[in-house]
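In: Fold the following, please.
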Amino acid sequence: MTRHLAVVMDPVDHIKAYKDTTVGLLREASRRGYRIDYLEARDLALSEGRATARVRGMTVHDSDKDWCQLEEAREIALSDADIILMRKDPPFNMDYIYATYLLEHAQNAGSLVVNDPASLRNANEKLFATWFPDCMPPTLVTSRKDALHAFLKEHGDIVVKPLDGMGGSSVFRVALGDPNVNVIFETMTGNGERHTMAQRYLPGIAQGDKRILMIDGEPVPFALARIPAPGETRGNLAAGGTGVGQPLSPSDRKICERVGPVLRDRGLLFVGLDVIGESLTEINVTSPTGLRELDRAFGLNIAGDLFDVLERTITRHANAP
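Out: Numbering: from 1, shown residues only. A predicted model of the protein is given here:
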């Protein structure tokens, strides 16, 4: 029987197919013979307790220029899909949260939603990491400017970032004596009305902000070290960083062993850990990337490994009493 995959993602004309992780996942599904339906979060709906969606059938090609072909729109019950990939990029706003509520109805009706909708809501990509303080650098979450000043005085060199950002947006490095410190703290906290995160600056960023992909709590054995561009402190590829593949270090594996069981218990089947030096800085659960770069560097098929897990999960659920 042909399996059915639905993918919630950003508009296809926004996708850079040569590097996009979602495209890699969809190509693997196509190779396995899945029937694929595409939708955006705005296409989700709920009627009398049943999650539905306005979808377009998708044919996926190997060409990066014309990577997909879409059919005419039609309505489906979301529970018709065996697997639903939630690959909508942040911002993690109320519309995103509403989408997880609708996906939860599909999950309750039998679809496997990746990642688990409730865990997407609960695992803020900045704050989720704070459940593992033994793996993190000194970290402060506050809306108070005086607390940020005290944290800066204690550590001398810090990074301040929003709780809802992605791709390195609005990330500031602040050192003692920085003439812009007050305006940075005012901006990041909305003059004391908004929480922000501060972490001790990690010099290891010069060797890269490592992205480690986790599949059902187990790490891919290689990390993508995102090296900052000259004059930058952010390694994010979206901020001009360069990706360099490297084997996991012993400290990387220790972090994975610490975090992995919690990811598995929460139904977070495909996750990206961000590690600088020997410290965990973030846990990316919404739409982790880096798959294509690691596949190319090491001859991997990470999407294949993920779909092996997903298919075992579907079979296990189908055979459950």
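In: which stretches of the stretch 51-200 of the chain form helices?
Out: With helices called from DSSP state H, counting those that start in this stretch, the stretch 51-200 of the chain shows them at 94-108, 117-122, 145-155, 181-189.
In: which stretch among those comes nearest residue 293?
Out: The minimum distance between residue 293 and these falls on helix 117-122, with 23.9 Å, by CB to CB. All C-beta spots, glycine's among them, are computed from the backbone N, C-alpha and C.
In: So which elements touch that closest one?
Out: helix 94-108 (3 or more CB pairs under 8 Å, 6 or more residues apart in numbering; DSSP states H and E).
In: Buried residues in the helix it packs on, which are they?
Out: Neighbour-count burial for helix 94-108 flags 96, 99, 100, 102, 103, 104, 105, 106, 107 (criterion: 16 or more other CB atoms under 10 Å).
In: wait, what's in contact with the first one?
Out: Listed by CB atoms under 8 Å, 6 or more residues apart in numbering, the contact set of residue 96 reads 41, 88, 90, 286.
In: next one: the last one
Out: Contact analysis of residue 107 by CB under 8 Å, 6+ apart lists 84, 113, 116, 117.
In: Looking at those residues, which two lie furthest apart in space?
Out: 84 and 116 (10.8 Å).
In: out of these two, which sits in the more crowded spot?
Out: Higher neighbour count among residue 84 and residue 116: residue 84, with 25 against 21, using other CB atoms under 10 Å.
In: Give the bridge partners for that one, please.
Out: Under DSSP bridges, the beta-bridge partners of residue 84 are residue 6, residue 113.
In: Count residues in the vicinity of the nearest residue to residue 263 once chain neighbours are set aside, would you?
Out: Excluding the flanking residues, the one nearest residue 263 by CB to CB, 6 or more residues apart in numbering is residue 217, at 4.9 Å. The tally of other residues near residue 217 (other CB under 10 Å) stands at 19.
In: which residues of the protein score low on pLDDT?
Out: Scanning the chain for pLDDT under 70 picks out 166-168, 231-240, 321.
In: got the domain boundaries for it?
Out: 4-120, 144-201, 204-300 (automatic domain parsing).
In: Name the residues of the longest helix along the chain that are buried.
Out: If you go by DSSP state H, the chain has its longest helix at helix 302-319. Within helix 302-319, the residues scored as buried using 16+ other CB under 10 Å are 302, 303, 305, 306, 307, 309, 310, 313, 314.
In: Equivalent analysis for stretch 289-300, please.
Out: For stretch 289-300, a neighbour-count test (16+ other CB under 10 Å) marks 289, 290, 291, 292, 293, 294, 295, 300 as buried.
In: List just the nearest of those residues to residue 134.
Out: Closest to residue 134, out of all of the buried residues of stretch 289-300 and judged by CB to CB, is residue 290, at 24.6 Å.
In: Please verify my assumption that the residue nearest to residue 263 contacts residue 258.
Out: No - Residue 217 is not in contact with residue 258 according to CB atoms under 8 Å; the separation is 10.8 Å.
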